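**Q** Okay, here's the prediction I keep looking at, along with the sequence it came from:
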Amino acid sequence: MSLKVFHIVFIAASIALMTFLSAWAWRMGQIGLPHPGLLASGVTGFALALAYLGWFVKRYRFLP
């Protein structure tokens, strides 16, 4: 596995983690235990990781 592929896998794992964090913080808010900081961090991290993934793939012209 090349370093580029590993990097993309690592970014995808980070996106999955941010998705889980956002969903968890949203659910906690629904049941009355709000965590607005975690929700904002999860959504921001998700958006930035997605943008970084797009930039990385475009910059290094990764083709599977």
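**A** Thanks, I have the structure now.
**Q** which element is Ile15 on?
**A** Secondary structure from DSSP states H and E places Ile15 in helix 3-30.
**Q** Determine the set of other helices and strands touching that helix.
**A** With contacts defined as 3 or more Cβ pairs under 8 Å, 6 or more residues apart in numbering; DSSP states H and E, helix 3-30 has these neighbours: helix 36-60. For every residue, glycine as well, the C-beta is placed using N, CA and C.
**Q** any idea of the angle the helix it packs on forms with helix 3-30?
**A** 160 degrees (axes from the mean of the first three to the mean of the last three Cα atoms, to 10 degrees).
**Q** What sits closest to the most centrally placed residue in the chain if chain neighbours are left out?
**A** With distances taken as Cα atoms, centre = their mean, the residue of the chain nearest its centroid is Ile15 (2.2 Å). Nearest in space to Ile15, with sequence neighbours left out and distances taken as Cβ to Cβ, 6 or more residues apart in numbering, is Ala49 at 4.9 Å.
**Q** what's the neighbour count on that neighbour?
**A** Ala49 has 19 neighbours, counted by other Cβ atoms under 10 Å.
**Q** got a list of what it touches?
**A** Ile11, Ser14, Ile15, Met18 (Cβ atoms under 8 Å, 6 or more residues apart in numbering).
**Q** wait, doesn't the last one sit right on Gly42?
**A** In other words, Met18. Yes: taking contacts as Cβ atoms under 8 Å, Met18 lies within contact range of Gly42: 5.1 Å.
**Q** what ranges of this protein fall below the confidence cut-off?
**A** Residue ranges of the chain with pLDDT under 70: 62-64.
**Q** who's sitting farthest from the centroid in it?
**A** Distance-from-mean max, the chain, by Cα atoms, centre = their mean: Gly32 at 25.1 Å.
**Q** ok, now which ones touch the residue nearest to the centre of the chain?
**A** Contacts of Ile15 (Cβ under 8 Å, 6+ apart): Phe46, Ala49, Leu50, Leu53.
**Q** Of those, grab the buried ones for PyMOL.
**A** The buried residues among the contacts of Ile15 can be selected in PyMOL (16 or more other Cβ atoms under 10 Å) with this line:
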select buried, resi 46+49+53
